[in-house]
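K.L.:
Here is my input; please provide its structure:
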Amino acid sequence: MFSVYTNVRFGNITMDRRGLASTLVFNTPPGAARNATASQRVAFWERMGSKRLMPGGLVALVWRTPRSTSIYLGIIASPGKDLVASARASASVLTIRISFFDPTIEVRILEWYQRRDANLNDVRILVKAHVMYEAIRPFLEALKVKATSIPFSKYLVLREGSLASTPVDPPRYATDPCFSWDLSSLLPEGHTLQVAAKDATSIANAREVLCNESTLDPSQAEAMVHSLTREVSLIQGPPGTGKVRCSNILLSCIHFVRPQSYITTHLLQVLIKNKISCIILIAFTDHALDRLLGNVLNAGITKKVARLGSRSADERTTPYSLEAMERMSGNHMHGRDIYEIRRQMKDVKEEFAGVVATLNGSVVDPEGLLLWLDIHHLGQSQELADPPQWVNLLRHEQYDWKTVTRGRKGKLAKNTTEFNRTEYGFWVNGLDLDFLEPPEFVDGHNAGGQGGIPENRFAVLGTDENDNGADDSLSQEAIYWENLISWFASHELADIPELPIGDWSLDILIHDDDVWDMSRLERLKLSQYWESSARAIGFESDVEVFKDLKRKYAQLKQQLDAYNTEVSHWIMRRIRSHV
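P.N.:
Okay, here's the model as predicted:
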């Protein structure tokens, strides 16, 4: 089965522990996921997110243009909480991050930033396969290497005849004539039991003794003996039969156990009592693994464990995660090297974020834009730098205007106060229009703060000492107009400009130097043209910087992974030596 999500757009490209991850925004599927109530949407994705858009899940972006169709595979890199947060914020769109396998998609996304309007005929859908890719990735990686030998080949390799007739050998270590299992830990104190893996009489006796003297029932006793005397064992049964947590594969000196509870705890107890190491417990979910490790720790079987996988939600097992032990050991082993690499990676990530912000237009370099205007649209540049008198007065009094001088470098996010204080930011965000535009009134009161407009726009007028308060008989709207007229009169400005509401086409706007007489919509059209044209000049060089930073980050990540692998091996050797 597949889930399909439509109308895919792109957000930021960010660096994470895997490398690069691309933010995708797409339409929320119909039904409960689009519930008008945020709490209901959150509940839906908390319940269904692990099935529909689970972290580590395999996805395909299908991108069709009028000339070609491309498919890009990747995995979901964002945690489930990010999906829930996007559902809480919007009923119509969802946001996730994807790590794509094909790096060419990244440059294509950068190109999409530059010509979004030209991509209107493109169709992009996201197809989610109900496959946990991370669970099968190690096997796919292993298949890339030509195997010189296949473990358990007599059971796994396709051959003629029935598998049921294939004899199952004992574990290799159990074939030593001097080796026998000590099962005393399963019996009451003072009782002993030995079993030899190749001695049928000894095996039969062990089954009988475990049935009669241990807490295991006959099927559990059979499962225990079967697991210890065969190199491959599969134990299954319905819930509550005590198989629970037990399907183990014994590989040479290494045991793989799929946890499921009662019998697994006893099996671990026997293995550790007989100094068999190391033991690998495999679970399909983090919760199941945490539950088993909790049982092991509570029973006092051993504390020499290392938990691999996603972050633990259980406080008991968190200190035993390999990640936590790496952090502690890293302070003593390659600590300075690891710290320095992480510092460099942080610097690269910050620089990379700035380059992406420039490419996608979320930040603007006002100085660079003005220089571009000086070359290509000098009249508009001069008009922008020389606003009407009333705008000059307003900017100094109420908005603390700061002029962007030629030669000043720096990129600013569009939604910041610092950006609004520049000539360009003040114009493109229409702060002069905010001053002219009547606010919305609800039941005669100012609804306040529309579009970032201060509730009291005329605080700059001060208070008349003889004013005992506004005339209550006047409506709030009348007071607004009275204040507006008074402000212009106090500055000896005869006329109040009309609020521009035009909607001329871009072809006309690019030849109109009267930029301060343009409406919000017209300013939006013209600013998008200015910004995209200015960005296009530096696009190729910015893309090269993008690629260079990506290479640097990959190299640093490779060095960090090498150090972390060495630390991990050291930790595992320590654990194994103390089993």
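K.L.:
these two touch, right, residue 536 and residue 114?
P.N.:
Yes - under the criterion of C-beta atoms under 8 Å, residue 536 makes contact with residue 114 at 6.2 Å. Backbone N, C-alpha and C define where each C-beta goes, glycine included.
K.L.:
Of these two, give the one with the bigger neighbour count.
P.N.:
Neighbours were counted for residue 536 and for residue 114 using other C-beta atoms under 10 Å; residue 114 has more, 17 against 12.
K.L.:
Without its sequence neighbours, what residue ends up closest to the residue nearest the centre of the chain?
P.N.:
Nearest to the mean C-alpha position of the chain, by C-alpha atoms, centre = their mean, lies residue 78 at 2.3 Å. Leaving aside its sequence neighbours, residue 78 sits nearest to residue 97 (C-beta to C-beta, 6 or more residues apart in numbering; 4.0 Å).
K.L.:
Residue 266 now?
P.N.:
In this structure, residue 266 finds its nearest non-sequential neighbour in residue 186, 5.9 Å apart by C-beta to C-beta, 6+ apart.
K.L.:
separation between the one you found and residue 271?
P.N.:
Using C-beta to C-beta, to the nearest Å, one gets 12 Å for the distance from residue 186 to residue 271.
K.L.:
Kindly report the same for residue 220.
P.N.:
Residue 220 sits 16 Å away from residue 271, going by C-beta to C-beta.
K.L.:
Can you list the residue ranges for strands in the stretch 401-550 of the chain?
P.N.:
Applying DSSP state E, counting those that start in this stretch to the stretch 401-550 of the chain gives strands spanning 412-413, 441-442, 445-446.
K.L.:
Also the stretch 1-150 of the chain?
P.N.:
Using DSSP E, counting those that start in this stretch, the strands of the stretch 1-150 of the chain run over 2-5, 9-16, 19-27, 57-64, 69-76, 93-100, 123-132.
K.L.:
can I get these in TSV with mean pLDDT, mean neighbour count and distance to residue 109?
P.N.:
Converted to TSV, the strands of the stretch 1-150 of the chain look like this (pLDDT from 0 to 100; neighbours: other C-beta atoms under 10 Å; distance: least, C-beta to C-beta, whole Å):
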stretch	mean pLDDT	mean neighbour count	distance to residue 109
strand 2-5	90	15	17
strand 9-16	92	17	5
strand 19-27	94	19	6
strand 57-64	94	19	10
strand 69-76	94	18	10
strand 93-100	95	22	9
strand 123-132	88	17	11
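K.L.:
and those strands as a markdown table, adding distance to residue 435?
P.N.:
Conversion of those to a markdown table gives the following (distance: least, C-beta to C-beta, whole Å):
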| stretch | distance to residue 435 |
| --- | --- |
| strand 2-5 | 42 |
| strand 9-16 | 33 |
| strand 19-27 | 34 |
| strand 57-64 | 44 |
| strand 69-76 | 46 |
| strand 93-100 | 33 |
| strand 123-132 | 41 |
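K.L.:
Just the C-alphas of stretch 420-432, formatted as CSV.
P.N.:
Only the C-alpha atoms of stretch 420-432 are listed here, as CSV (Å, rounded to 0.1, in the frame of the first residue of the first chain):
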residue,chain,number,x,y,z
ASN,A,420,12.0,47.2,8.6
ARG,A,421,14.3,50.1,9.5
THR,A,422,16.0,50.1,6.2
GLU,A,423,14.7,52.1,3.3
TYR,A,424,13.9,49.0,1.3
GLY,A,425,12.4,47.1,4.2
PHE,A,426,10.2,50.1,5.2
TRP,A,427,8.9,50.4,1.6
VAL,A,428,8.4,46.7,0.8
ASN,A,429,6.6,45.9,4.1
GLY,A,430,4.4,49.0,3.5
LEU,A,431,4.9,50.6,6.9
ASP,A,432,3.9,54.0,5.4
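K.L.:
Can you give me the buried ones in it?
P.N.:
Under the neighbour-count criterion of 16 or more other C-beta atoms under 10 Å, stretch 420-432 has 420-432 buried.
K.L.:
Now go through these and say which are in helices.
P.N.:
420, 423-428, 431-432 (DSSP state H).
K.L.:
isn't residue 75 right up against residue 133?
P.N.:
Yes - here residue 75 reaches residue 133: they are 5.0 Å apart, a contact under C-beta under 8 Å.
K.L.:
joint contacts of those two?
P.N.:
Residues touching both residue 75 and residue 133 by C-beta atoms under 8 Å, 6 or more residues apart in numbering: 56-58.
K.L.:
related to what we said a few turns ago, and the furthest pair within the ones in helices among the buried residues of stretch 420-432?
P.N.:
Between any two of these, the greatest separation by C-beta to C-beta is 12.8 Å, found for 424 and 432.
K.L.:
dump the residue contacts of residue 56.
P.N.:
Residue 56 touches 75-76, 132-135, counting by C-beta under 8 Å, 6+ apart.
K.L.:
I should have written residue 135 there, sorry.
P.N.:
Contacts of residue 135 were listed using C-beta under 8 Å, 6+ apart, and they are 56, 284.
K.L.:
If we ignore the residues flanking it in sequence, what's nearest residue 10?
P.N.:
Closest to residue 10 by C-beta to C-beta, 6+ apart is residue 109, at 4.9 Å.
K.L.:
tell me which residues in stretch 216-227 are buried?
P.N.:
Of all the residues in stretch 216-227, those buried under the rule 16+ other C-beta under 10 Å are 216, 220-221, 223-227.
K.L.:
Actually, stretch 316-326.
P.N.:
By neighbour count on 16+ other C-beta under 10 Å, the buried set for stretch 316-326 is 317, 320-326.
K.L.:
start to end distance for stretch 9-28?
P.N.:
One end of stretch 9-28 to the other measures 13 Å (C-alpha to C-alpha, to the nearest Å).
K.L.:
From residue 195, how far off is residue 209?
P.N.:
9 Å.
K.L.:
swap that for residue 356, sorry
P.N.:
63 Å.
K.L.:
so how far is stretch 510-527 off the chain centroid?
P.N.:
38 Å (C-alpha atoms, centre = their mean, to the nearest Å).
K.L.:
can I get the CA coordinates of it in CSV?
P.N.:
In CSV, the C-alpha atoms belonging to stretch 510-527 read as follows (Å, rounded to 0.1, in the frame of the first residue of the first chain):
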residue,chain,number,x,y,z
ILE,A,510,9.2,48.2,-13.8
HIS,A,511,9.1,51.5,-15.8
ASP,A,512,7.3,53.5,-13.1
ASP,A,513,9.7,55.5,-10.9
ASP,A,514,7.0,56.6,-8.4
VAL,A,515,7.6,53.6,-6.1
TRP,A,516,6.1,55.3,-3.0
ASP,A,517,2.8,55.7,-4.8
MET,A,518,2.4,51.9,-5.3
SER,A,519,-0.1,49.7,-3.5
ARG,A,520,0.9,46.8,-1.3
LEU,A,521,0.2,44.3,-4.2
GLU,A,522,2.2,46.4,-6.7
ARG,A,523,5.1,46.6,-4.2
LEU,A,524,5.0,42.9,-3.8
LYS,A,525,5.2,42.3,-7.5
LEU,A,526,8.0,44.7,-8.1
SER,A,527,10.0,43.6,-5.1
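K.L.:
May I see the buried residues of that stretch?
P.N.:
Residues 512, 515-516, 518-520, 522-523, 525-527 are the ones in stretch 510-527 that count as buried (16+ other C-beta under 10 Å).
K.L.:
between these, which is closest to residue 287?
P.N.:
Distance ranking of the buried residues of stretch 510-527 against residue 287, using C-beta to C-beta, places residue 527 first at 50.8 Å.
K.L.:
what does the model give that closest one for pLDDT?
P.N.:
Looking at residue 527, its pLDDT reads 92.
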